[in-house]
Structure formats: C-alpha cells, structure tokens
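Colleague: Any chance you can model this:
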Amino acid sequence: MTLYRDEGIVLRTQKLGEADRIVTVLTRRTGRIRAAAKGVRKTKSRFGARLEPFTHVDLQLYERRSLDLITQAETLRPYGERLVTDYPRYTAGTAMLETAERLTAEEGEPALRQFLLLLGGLRTLAERDHDPRLVLDAFLLRSLSVAGWAPALDECCRCGTRGGLRGFAIAAGGAVCANCRQPGAATPAPPTFALMLALLRGDWEYADGSEARYRAECSGLVAAYLQWHLEHGIRSLRHVERGPDDAGDPAGTAADDEPITRETV
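Modeller: Predicted structure coming up:
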C-alpha cells in the first residue's frame, strides 16, 4: 500500500457499517476523493470531529484498490464552527460544498482552482464581512468560469455587441442585446448585470452597496444558469435563505424551487 498526504476540504460524509464513514474531500493536489475513515462514529474516535463538512484538514491516507483509508487527520481551519450557528451562512456554505462536488465530476482529477475557490469562499463566509448570498453568488459565478461556462455579462453572447443589453438568455450563454433577444429570455435591470459582473471580478465595494431587489434578481439568474449547465438542480439551493424581495422574483423562484432543464428554459 502507498502512503500519501494531502490537504482538503470535507464536502460530505456517509455512514459505512456500524462505526465507519465514507468521507468525500476536495483536496489541493489529488482533486476530489472518497476515503474510508475507520471508527469515526465511535464516541472515543481520535479524529471523528475533524472529518465533518466545512473542515479544512491535513490528511494522511493509504492508497487501496477500492476506497483509500484515512489514517491521520489534523484540523487546519474548522470553518463549520463559524457557520453552523448562522443559518444563512450555513445554507450558503452547504450549497458551495455541493456545487464544488458536482463541478469536480472525475475522482482523482486535480482541481486546484476549484479547491482554492472553495477555500476562499468558506473563509469569506466565516469572516462575515459580506452578505452570505453575495458570497455564494460570487462563488457560483467564479466556479462556472473555472469550468469554462462563464456567462457573458458585458457584451451580447450572440453578436458581441457591447452596451444596450436587454436580456439574459441562459441557453445562449448570458446577456443578449435587443436585436438578439428571443422570446422567453429574462429581462434583468442594468444594475443586476453590473452586480453579476462585480461578483465575478471581486468588486466587493460595488456588491456590498447594491440594492436588495438587484441582489434577488442576480441570485435567481445565477442559480438558474448554474443548474442549466449541470442539467440537474443543486438540492441545497432550496434551503438558502432568501430575502423578502425574492418572493416576487420569478427568476429566483424558478431557480430555487424547480429543477432547470433544457426543456424548461
């Protein structure tokens, strides 16, 4: 058996037998892995609490034919401690973990940029300097960009025209001008486009000063765009706490409450 070390973020856990768990981790060097942790469900486990979702851990593992075996786990940053007591941040963080897992489809395929995005996103959530839904939307937009699916936001995705954007066509790839807009495309306000672009670029000064109605519209479009490309809904997005302005936003309702498919967009 080959012994190796890696650091990673615990995405989720599953019960295995009477006392063990299968732990899914997004690691810095190896990408997404699933490994067995023996005896971690016992009250006297040496490192059971270190293998909970949101935890940034340093791992030692044995490589095996089936599931690798975790033999040592040291906590680097326990982000879960800061998030579980704050429902909006906890649900946003849960959506980030699920998205990171879905966007790293191949086990053992290095995904350094996605790992760094998730690590930075959890750190930002835990620091509590920005609204959790803004942090989530920024993470989703940047993750889509890393995956090669960044939406067009400052030019028409069909003809490349800058300015005069009048719609957002999810299937076409983002913003569209008046000439290219087709029936059924969403019609976000110009400040919503500006907010999405600010989140993608990391302009937190603009994002933090945005109005609630534009944040709600932005969240609905980002969620719908993400789920379109994944072809399945992100289940945890249903639990992300929404503000009162979201209740009347068609894009937000469709994105969070209904799976987005190629037939419904």
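
Colleague: Spatially central residue in this protein, please.
Modeller: With distances taken as Cα atoms, centre = their mean, Met96 lies nearest the centre of the chain, 2.9 Å away.

Colleague: how close does that residue sit to Val84?
Modeller: Distance from Met96 to Val84, counting by Cβ to Cβ, to the nearest Å: 14 Å. Using the backbone N, CA and C atoms, a C-beta is placed for each residue, glycine as well.

Colleague: And for Ala105?
Modeller: Distance from Ala105 to Val84, by Cβ to Cβ: 28 Å.

Colleague: before we move on, what about Arg133?
Modeller: From Arg133 to Val84 the distance is 18 Å (Cβ to Cβ).

Colleague: which of those two has more neighbours?
Modeller: Arg133 (24 against 14; other Cβ atoms under 10 Å).

Colleague: And the strands in the stretch 151-265 of the chain?
Modeller: Here the stretch 151-265 of the chain has its strands, by DSSP state E, counting those that start in this stretch, at 165-169, 174-177.

Colleague: Any idea which of those gets closest to Tyr214?
Modeller: Smallest distance to Tyr214 across these (Cβ to Cβ): 13.0 Å, for strand 165-169.

Colleague: the longest helix in the protein is where?
Modeller: helix 212-230 (DSSP state H).

Colleague: Now do it: which elements does it pack against?
Modeller: Where contact means 3 or more Cβ pairs under 8 Å, 6 or more residues apart in numbering; DSSP states H and E, helix 212-230 is packed against helix 87-103, helix 132-146, helix 190-201, helix 250-257.

Colleague: Pull out the CA atoms of that helix and give them to me as PDB.
Modeller: Extracted as PDB, the C-alpha positions of helix 212-230 are listed here (Å, rounded to 0.1, in the frame of the first residue of the first chain):
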ATOM      1  CA  ALA A 212     -31.800  44.100  -2.300                       C
ATOM      2  CA  ARG A 213     -34.000  43.800  -5.400                       C
ATOM      3  CA  TYR A 214     -31.000  43.600  -7.700                       C
ATOM      4  CA  ARG A 215     -29.400  41.000  -5.400                       C
ATOM      5  CA  ALA A 216     -32.500  38.900  -5.600                       C
ATOM      6  CA  GLU A 217     -32.600  39.100  -9.400                       C
ATOM      7  CA  CYS A 218     -28.900  38.300  -9.600                       C
ATOM      8  CA  SER A 219     -29.300  35.200  -7.300                       C
ATOM      9  CA  GLY A 220     -32.200  33.800  -9.400                       C
ATOM     10  CA  LEU A 221     -30.300  34.200 -12.700                       C
ATOM     11  CA  VAL A 222     -27.100  32.700 -11.200                       C
ATOM     12  CA  ALA A 223     -28.800  29.700  -9.800                       C
ATOM     13  CA  ALA A 224     -30.800  29.100 -13.000                       C
ATOM     14  CA  TYR A 225     -27.600  29.400 -15.100                       C
ATOM     15  CA  LEU A 226     -25.700  27.000 -12.900                       C
ATOM     16  CA  GLN A 227     -28.400  24.400 -12.900                       C
ATOM     17  CA  TRP A 228     -28.800  24.600 -16.600                       C
ATOM     18  CA  HIS A 229     -25.200  23.700 -17.200                       C
ATOM     19  CA  LEU A 230     -25.300  20.900 -14.600                       C
END
